[in-house]
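In: Okay, here's the prediction I keep looking at, along with the sequence it came from:
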Amino acid sequence: MYLKNMWYVAGFPDEIGDHPIARTLLEQPLVFFRARGGQIAALADRCPHRFAPLSKGAIVGPEKVIQCGYHGLQFDARGRCVHNPHGPIPQVARVPRYEVCERRGLLWLWGGDPEQADTTLIPDYGDFAEAPPDATLRGYLPTQCHYQLVVDNILDLTHADYLHAGGLGNGSLTRARPVVTDLSPRSLHVSWKVSGEPTIAAFDVHLREQGKATEQWSEVTWTAAGNMHLRTGATLLGEERSQGVEAMTLHLAVPETVTSTHYWYWSVRNFAISPEANSQIQKFIEFAFVQQDKPMLEAQQRAMQGREFWSLRPILLASDAGAVRARRKLDQLVLAEQEMHRHQSNHENPTPQQPELGESP
Ligand code: FES
Ligand SMILES: [Fe+2]
C-alpha cells in the first residue's frame, strides 16, 4: 500500500524533451512529455481506444499533444482527446492525468487525486543546482527491491562499517548512537556524531592532515515516502565544520513496483572540485552502490520471499531507531489516508439503512 497523497520524485526534468518517456511509479505505468509552453505532463500510459501505451506514440503539432502510435488519437496535457482522425471526438476519450511539478532541478509527481495536489508538501532541498558542476554528481540506480529497504539503508548508516568497510566505513558509526528527532508527522531527522577519531578514508585524504582526530557527522532528514537528505562530513578536531569537508546528497527512493525501486541521487560537496576528482568520486560512489548496496538490497528482497516486512518479525537494533520510526510514521500516514478514503466513499455511497424491527420494509 502506497501513500497516494504525497509527492514522489519522478526524475530530473532535463530528461523530458521531445519524445514521450515511459516510467512506472507506484505500479502505475505513466507517460511523461513536454507539452505546449514547456510544461511537463504525466498521463496514464494507456490509450483508451485499444490500450496501446501512449509512450509508443509521438509529440505532434504546435500544441505539442501526444499522438497514439496505433490509430492516431491525440491527447493534450490534461488527458483530453483533442483530435480523432476517424471522426468526431468521442466524449469518453480521456486519459487519467497526474499532477507534476518541476522544482529546483527535480521533477515531482503527486501520487493521488490531482485536484488535491498541495505543492507546499514538496520537501525544500535548497538549491543543489547552484553547486559547481565539478562538485556535483547525479545519477540513477534502479534496484530490484521494495523502496523501503532503500530507506532503511540510508536511515541506518552503520551498514557502511560492514558493507563499505574501508572507504566509507571504519567502525565509527557503529560506536556512535543515532539521535532521532521527530520533525513532523511525515519527516524525521537522524544524526550520528563521532568525536576524537580519525574519519573514514574517503574524507581523511581530503583533510589538511591525515590520520588525525576529527569531528565527524552524518545527518539524514527523511521525508515520506522515500526522500532522504544526507549531510555528511568531517573536520579536524576543534576546527569549524566549514574548515572541513562536507557532502550533501539527496537519496530519492521511489516505488516503481512492489519489488523495484527508482533510486535517484544528487550529491554536491565542498572539496575535490575538479573534473578529474569528480569522475573519480563518481566511480567510487557507483562502486559502493552497484557492487555493495545494490546486491545486498536485492538479496534481502529475495530472502524475504515476498513476505511483508513486519510479518517476518525483524529484530530491532539500536542502530535502526530512525529507520523503524520512519516505517511507523509511514504506516500511520497510509492508515490515515485509507481511513479518509473509506469515510469519503461511505459518504458518497451510504450503506442502505436496515429497516428497524417492526418497521414495514
Ligand atoms: S489504441 Fe490508441 S488510437 Fe487506437
Ligand atoms: Fe550503502
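Out: Happy to help now that I have it. Ligands and ions are numbered 1, 2, ... in the order given.

In: Contact residues of the stretch 51-200 of the chain facing ligand 1?
Out: 52, 68, 70-73 (CB under 6 Å from any ligand atom). Placement of C-beta: from N, CA and C, glycine included.

In: Include distance to residue 132, neighbour count and pLDDT when you put the residues you listed into JSON lines, please.
Out: Below are these laid out as JSON lines (distance: CB to CB, whole Å; neighbours: other CB atoms under 10 Å; pLDDT from 0 to 100):
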{"residue": "52", "distance to residue 132": "44", "neighbour count": "16", "pLDDT": "98"}
{"residue": "68", "distance to residue 132": "43", "neighbour count": "23", "pLDDT": "98"}
{"residue": "70", "distance to residue 132": "46", "neighbour count": "15", "pLDDT": "98"}
{"residue": "71", "distance to residue 132": "49", "neighbour count": "13", "pLDDT": "98"}
{"residue": "72", "distance to residue 132": "47", "neighbour count": "15", "pLDDT": "98"}
{"residue": "73", "distance to residue 132": "46", "neighbour count": "26", "pLDDT": "98"}
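
In: from those residues, which is closest to residue 310?
Out: Comparing these against residue 310 with CB to CB picks out residue 52 as the nearest, at 39.9 Å.

In: wait, doesn't the closest one sit right on residue 66?
Out: No: contact criterion CB atoms under 8 Å: residue 52 and residue 66 do not qualify, at 11.5 Å.

In: tell me the phi and psi of residue 225?
Out: Dihedral angles of residue 225 (phi, psi; degrees, to the nearest 10) stand at phi -90, psi -40.

In: The spatially closest residue to it that is not a sequence neighbour in helix, strand or coil?
Out: Leaving aside its sequence neighbours, residue 225 sits nearest to residue 3 (CB to CB, 6 or more residues apart in numbering; 5.1 Å). Under the three-state scheme (DSSP: H, G, I helix; E, B strand; the rest coil), residue 3 adopts coil.

In: check contacts around residue 3.
Out: Neighbouring residues of residue 3 by CB atoms under 8 Å, 6 or more residues apart in numbering: 111, 224-225, 330, 333-334, 337.

In: if you set the cut-off to 10 Å instead, what comes out?
Out: 26, 111-112, 186, 224-226, 255, 330-331, 333-338 (CB atoms under 10 Å, 6 or more residues apart in numbering).

In: Select only the buried ones of the residues you listed in ChimeraX?
Out: In ChimeraX, a selection of the buried entries from the contacts of residue 3 looks like this (16 or more other CB atoms under 10 Å):
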select :26,111,112,186,224,225,226,255,330,333,334,337
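
In: Appreciated, that's everything.
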